[in-house]
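Participant: Quick one: sequence plus predicted model below, questions after.
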Amino acid sequence: MDVREFRKSGHFPSLLSAFLYFDVSFMIWVLCGALSLYITKDFGLTDAQKATMVAIPTLGGSIFRVPMGILADRIGSRKTGIIGMVLTIIPLLWGWLGGTSLSQVQSLGFLLGIAGASFAVSLSLASRWYPPQYQGLAMGIAGAGNSGTALATFFGPQLAASIGWHNVFGLTMIPLTLVLIIYIFLAKDSPNQPAPKKWIDYLSAFKNADTWWFSLFYAITFGGFVGFSNYFSIFFYDVYGDNTIAGGLSKIQIGYLVTITVIAGSFFRPVGGYIADRIGGMRFMLVLYSVITVCAFAVSTMPGSFVTMLIFTSIMMACLGMGNGSIFQLVPQRFPKEIGVVTGIVGAAGGLGGFLLPNNVLGPLKQATGSHVTGFLVVACLVFAVTLAFYAVTRSWRKAWAASGSGVNY
């Protein structure tokens, strides 16, 4: 690939703005998960309550993504992004100056979903600037902003240990403000921005069966990434922490392990988009789903060595990240004129998957069985079932809209 040709084909300042907005927003969105070992200590929560607490921001992001996606299509991604960042200040202030009860933490966590809704805005901002042959890479670069999760899991526990978790929320407003300023000056809506439609017209995307298929497939890849990102602190500490075994890992060391897995998922997202551009998103996704299934089964064996577990979880997260990039190589090809709202819908499904994973699978099964084994066995079986569904659906897509002579690899 010619890098100069790629840069000339679009608007790099807007792509950079999309990445930064996504990056700082993701860092904020997963704060409850990154700080979970400190927050849960203050309130003495059960396994199920811990899972719910870290999952609620993901649910908020799922709900806010659809209106933010519609707004991006209607008034432009630039204005929508500015609105989103300004509103994100509210839960950060609440977490800094309040957050003194579990109900408050859950409420402000839900509002952190506004930051999670940045997905529908940043990806539509990036997508409209680039031609079909570069969609996978452009969307992958913008989507690599989920690396902000790594910033939260790496620095969050260290800061919470030294200044308290409340002050971490306040401190986070500084990078958010800096990115807001950069975004205001650099971001620009593409001339390909579609004309505004009536609000009701945007909902027609819900009637398309392909919207729901993409939503299911993304619920696995993105839902897995964000769900595990939020839950892995609890998981690793339960299995390898110093509260479980003598000489086990400290909370800060657990943060380092989680950061490694998150980095694997984040930085492989653009790799997934690039490979999808080269060989086709459909082909690549079948490989990725298969590897994710195997890794989930491997995690369920609960190896005694945390290094071995780290290898399994990192490979799984890398494949989930590449899957996110691969799926969004396909979405703009199928819905070029409705990318904002469809990104919002599909992204909402991904967020919902990220909520259900810890809240309805991993947390309750851990509390019911006393072990994480059953939860990961269920995850493995679910991914395997979706792999079969993906294979069947994409065969029909090749006949319906993914034409081999279009110049785009599917």
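Facilitator: Right, received. Where do you want to start?
Participant: pretty sure Gly113 contacts Leu31?
Facilitator: No. When contacts are counted by CB atoms under 8 Å, Gly113 is not listed as touching Leu31 (11.8 Å). All C-beta spots, glycine's among them, are computed from the backbone N, C-alpha and C.
Participant: So which of these two has more stuff around it?
Facilitator: Neighbours were counted for Gly113 and for Leu31 using other CB atoms under 10 Å; Leu31 has more, 29 against 24.
Participant: That one and Thr153 touch, don't they?
Facilitator: No. Using CB under 8 Å, Leu31 is not in contact with Thr153; the gap is 9.8 Å.
Participant: Please point out which parts of the top helix by length along the chain sit buried.
Facilitator: Of all segments of type helix in the chain, defined using DSSP state H, the longest is helix 209-240. The neighbour-count check on helix 209-240 (16 or more other CB atoms under 10 Å) flags 210-211, 213-240 as buried.
Participant: repeat for stretch 358-366
Facilitator: Buried, per 16+ other CB under 10 Å, within stretch 358-366: 358-359, 361-366.
Participant: out of the residues you listed, which one sits closest to Val378?
Facilitator: Val378 has its nearest neighbour among those in Val361, at 5.7 Å by CB to CB.
Participant: The residue lying closest to Met173 once chain neighbours are set aside is in what secondary structure piece?
Facilitator: What sits nearest to Met173 in space, not counting adjacent residues and going by CB to CB, 6 or more residues apart in numbering, is Leu92, at 5.1 Å. Per DSSP states H and E: Leu92 is located in helix 77-97.
Participant: For that helix, name the packing helices and strands.
Facilitator: Helices and strands touching helix 77-97, by 3 or more CB pairs under 8 Å, 6 or more residues apart in numbering; DSSP states H and E, are helix 12-29, helix 47-75, helix 102-111, helix 113-116, helix 118-127, helix 165-171, helix 173-186.
Participant: Tell me where the model's unsure across the stretch 51-200 of the chain.
Facilitator: Within the stretch 51-200 of the chain, the stretches with pLDDT under 70 are 199.
Participant: intersection of neighbour lists for Gly113 and Leu31?
Facilitator: Listed contacts common to Gly113 and Leu31 are Pro57; contacts here mean CB atoms under 8 Å, 6 or more residues apart in numbering.
Participant: quick one: Ala120 and Thr374, what's the gap?
Facilitator: Counting by CB to CB, to the nearest Å, the gap from Ala120 to Thr374 is 34 Å.
Participant: try Ala126
Facilitator: For Ala126, the distance to Thr374 - CB to CB - is 39 Å.
Participant: and these two? which has more neighbours close in?
Facilitator: Shown here are Ala126 and Thr374; by other CB under 10 Å, Ala126 has more neighbours (32 against 17).
Participant: Could you look up the SS state of the residue of the chain most remote from its centre?
Facilitator: Here the chain reaches farthest from its C-alpha mean at Ala246, the gap being 34.2 Å by CA atoms, centre = their mean. Ala246 carries the three-state label coil when classified by DSSP: H, G, I helix; E, B strand; the rest coil.
Participant: Got phi/psi on it?
Facilitator: With angles defined as degrees, to the nearest 10, Ala246 sits at phi -60, psi 130.
Participant: Kindly export stretch 293-301 (C-alpha atoms) in CSV.
Facilitator: Extracted in CSV, the C-alpha atoms of stretch 293-301 (Å, rounded to 0.1, in the frame of the first residue of the first chain):
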residue,chain,number,x,y,z
THR,A,293,-13.6,-20.1,20.0
VAL,A,294,-10.4,-22.1,20.7
CYS,A,295,-9.0,-19.4,23.0
ALA,A,296,-12.2,-19.3,25.1
PHE,A,297,-12.0,-23.0,25.6
ALA,A,298,-8.3,-22.7,26.5
VAL,A,299,-9.1,-20.0,29.1
SER,A,300,-11.7,-22.3,30.6
THR,A,301,-9.0,-24.8,31.6
